[in-house]
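1. everything below, folded, please.
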Amino acid sequence: MGLFIGRERERGEFRPFLKKKTASLIICQGRRRIGKSTFIRECAAEANHFLSFEGLPPREHIGRREQLEAFAERLAGQTKAPKVTLESWPQAFKLLASLLPSSGSTVLLLDEISWMAIGEPDFAGHFKTSWDNLFSQRPRLIVVLCGSVSSWIQKNILNNTGFVGRCSWQFRLQPLPLSACNEFWKGKTVNVAEKLKVLCVTGGVPRYLEEIDPAQTAEQNIERLCFRRGWPLFNEFEQIFHDIFTRKAETYREIVSTLVDGPRSISEISKVLRRGRGGTLTEAMDDLESAGFLSQDVAFNPVTGKNRPRTLRHRISDNYLRFYLKYIAPVAEQVRRGLYRRAPLEGFHAWDSIVGLQFENLVLDNLDVILDTLGLAHVPILNAGPYFQAQTARRPGCQIDLLLRTKQSLYVLEVKFKKRIDPSIVAEVSKKIESLEGVSGLSIRRGLIYQGELDPELERSDYFDYLVPAEQLLMP
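-> A predicted model of the protein is given here:
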């Protein structure tokens, strides 16, 4: 099956369904290119039978007829039945059910299901009827509905009262943890800084990491993949945004562009775009979040742990998305005309601040590793996330990269990606702690998660209770 890395936990959760005697309906969501269908195929290798169908990407003149024709062709190719002309989805599902293997475990994957539904407003209703009357009656059948357009799945399946109680497992496939990403350099002597530079562009997206050449430097890989015509990461943004958001793609691009230089509240985004903050803008933010490109961060009261809804901010959580908008898009025309000349990463405008945001994303995506490193793997964590405190007349403002709260303690964690980290960071973190409201009754522990060289004076100061070098995050 080729290279398959990680996903041990998710595979362990899938495996029991292969042993069930009754049918199961599973919903798999996740960012485009995150490896959803590859993961299901890998799990299905332990089944007796596997059938898969994928919707055609949205394009002009693609409708129900074309989707049904593609389905019929795929069905004939995976069974002994001849290809037939299908007139409706109820007919297609009935024929599929009649051709399923009569014994053993079977995994049936309906991939990019929102595309499959193009041109058929009641596709979800037809599938629900077919599930109730056909598929659910088949022993040892696992039907997996998979898709990148999470908003369609949310609206038509998960929030549809007709599907209540029918779904056995719903999960979202996340980016690979850093320890799994490290496997793409297995057998090669590549330093941590180089690996992290690549990951600051690709994040933990398996499809992007598969294109890495470990024999090349980080800069060579990034230049080849991102700044050359015809290479994957140069064209990727336009393709995935069109495939997922179709006619809304340009509007959604404008929204994410407001977040390139850091998180913002919905009011700030609304002001920049000169659009009302409710209705379509809120819906768009939800779509971008469900598609895996944005995350919401809500600060909590350090003492009570209660969320502060007014502090909610939206953050680009996808490293490739930010890198594309910040550095690839502005020179795209030069690249197409063959006029672009490579520049070192450190020479990119605002690189230090952007790489810091990208590294923070990697840290936040690997919270389990952080907790384990701090010895908190088995300690109840009441709150965790970036912390933001607005300035008022009575209190100063502050921003903490990662704040953890247990019953007795607050863990103030600073995240840094710099060539050299000097002692000035002590005053910086101290000022943040002093700004926190009403925490006198709690123990405060300070940590630094970093990539770069620590100034010897900083190491001798013993200010930080925890010093976590990035290489620890890459360890299995």
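2. low pLDDT regions in this structure?
-> Applying pLDDT under 70 to the chain flags the ranges 1-3.
3. one more time with 80
-> 1-3, 277-278, 342-343, 437-438, 440 (pLDDT under 80).
4. residue 255: what secondary structure?
-> Following DSSP: H, G, I helix; E, B strand; the rest coil, residue 255 is assigned to helix.
5. do the same with residue 305
-> coil.
6. residues contacting it?
-> By Cβ atoms under 8 Å, 6 or more residues apart in numbering, residue 305 lies in contact with 382-383, 405. Every residue, glycine included, has its C-beta placed from N, CA and C.
7. over to residue 468?
-> Residue 468 neighbours (Cβ under 8 Å, 6+ apart): 370, 373-374, 447-450.
8. save those as JSON lines, and put in distance to residue 438 too.
-> As requested, the contacts of residue 468 are exported to JSON lines (distance: Cβ to Cβ, whole Å):
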{"residue": "370", "distance to residue 438": "25"}
{"residue": "373", "distance to residue 438": "28"}
{"residue": "374", "distance to residue 438": "24"}
{"residue": "447", "distance to residue 438": "21"}
{"residue": "448", "distance to residue 438": "25"}
{"residue": "449", "distance to residue 438": "26"}
{"residue": "450", "distance to residue 438": "29"}
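9. follow-up on the earlier one: which among the contacts of residue 305 end up buried?
-> Restricting the contacts of residue 305 to buried positions leaves 383, 405, with burial counted as 16 or more other Cβ atoms under 10 Å.
10. show residues contacting stretch 54-69.
-> 37, 70, 74, 85-89, 92, 111-120, 242-243, 246.
11. three-state assignment of residue 242?
-> Residue 242 ends up helix, using three-state DSSP.
12. that one reaches residue 248, doesn't it?
-> No - between residue 242 and residue 248 there is no contact under Cβ atoms under 8 Å: 9.8 Å.
13. could you pick out which of the contacts of residue 305 are located in helices?
-> Under the assignment DSSP state H, the contacts of residue 305 contribute nothing to helices.
14. using CSV, lay out the contacts of residue 305 together with distance to residue 166.
-> Formatted as CSV, the contacts of residue 305 follow (distance: Cβ to Cβ, whole Å):
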residue, distance to residue 166
382, 34
383, 34
405, 37
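15. ok, the contacts of residue 305 vs residue 31, which is closest?
-> residue 383 (25.6 Å; Cβ to Cβ).
16. host element of residue 451?
-> Here residue 451, judged by DSSP states H and E, is contained in strand 443-454.
17. now do that strand: distance to the chain's middle.
-> 26 Å (Cα atoms, centre = their mean, to the nearest Å).
18. kindly report the same for stretch 340-359.
-> 22 Å.
19. next: stretch 385-402.
-> For stretch 385-402, the distance to the chain centre is 26 Å (Cα atoms, centre = their mean).
20. circling back to that earlier point, which ones among the contacts of residue 305 map onto strands?
-> Using DSSP state E, the subset of these located in strands is 383, 405.
21. so what's the residue most central in space within the chain up against?
-> With distances taken as Cα atoms, centre = their mean, residue 292 lies nearest the centre of the chain, 4.3 Å away. The contact partners of residue 292, taken as Cβ under 8 Å, 6+ apart, are 30-32, 34, 150, 172, 317-318.
22. residue 94 reaches residue 129, doesn't it?
-> No - Residue 94 is beyond contact range of residue 129, at 10.1 Å (criterion: Cβ under 8 Å).
23. if we can go back for a sec, which of the contacts of stretch 54-69 are buried, as a ChimeraX select command?
-> Here is the ChimeraX selection string for the buried members of the contacts of stretch 54-69, based on 16+ other Cβ under 10 Å:
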select :37,70,74,86,89,92,111,112,113,114,115,116,117,118,120,242,243
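24. circling back to that earlier point, quick check: the residue nearest to the centre of the chain vs residue 240, distance?
-> 10 Å (Cβ to Cβ, to the nearest Å).
25. intersection of neighbour lists for these two?
-> residue 32.
26. next, count neighbours for residue 19.
-> By the measure other Cβ atoms under 10 Å, the count of residues near residue 19 is 9.
27. from now on call the first residue 14
-> Sure, I'll start counting at 14 from here, so that last one is residue 32.
28. for it, give me its contacts.
-> Contacts of residue 32 by Cβ under 8 Å, 6+ apart are residue 118.
29. ok, back up a step: separate out the buried members of the contacts of residue 305.
-> The buried subset of the contacts of residue 305 (16+ other Cβ under 10 Å) comprises 43-45, 47, 163, 330-331.
30. chain center to the following helix or strand past the strand holding residue 464, what's the gap?
-> Scanning forward in sequence from strand 456-467 by DSSP H and E, the next helix or strand is helix 469-474. Relative to its chain's centre, helix 469-474 lies at 37 Å (Cα atoms, centre = their mean).
31. okay, helix 469-474 in CSV with CA atoms only?
-> Extracted C-alpha coordinates of helix 469-474, given in CSV (Å, rounded to 0.1, in the frame of the first residue of the first chain):
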residue,chain,number,x,y,z
PRO,A,469,24.0,30.7,28.5
GLU,A,470,22.8,33.5,30.9
LEU,A,471,19.2,32.4,30.3
GLU,A,472,20.1,28.8,31.1
ARG,A,473,21.9,29.8,34.3
SER,A,474,19.1,32.1,35.5
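32. what segments of the stretch 314-463 of the chain are strands?
-> Counting by DSSP state E, counting those that start in this stretch, the stretch 314-463 of the chain has strands at residues 326-329, 396-402, 411-418, 422-434, 456-467.
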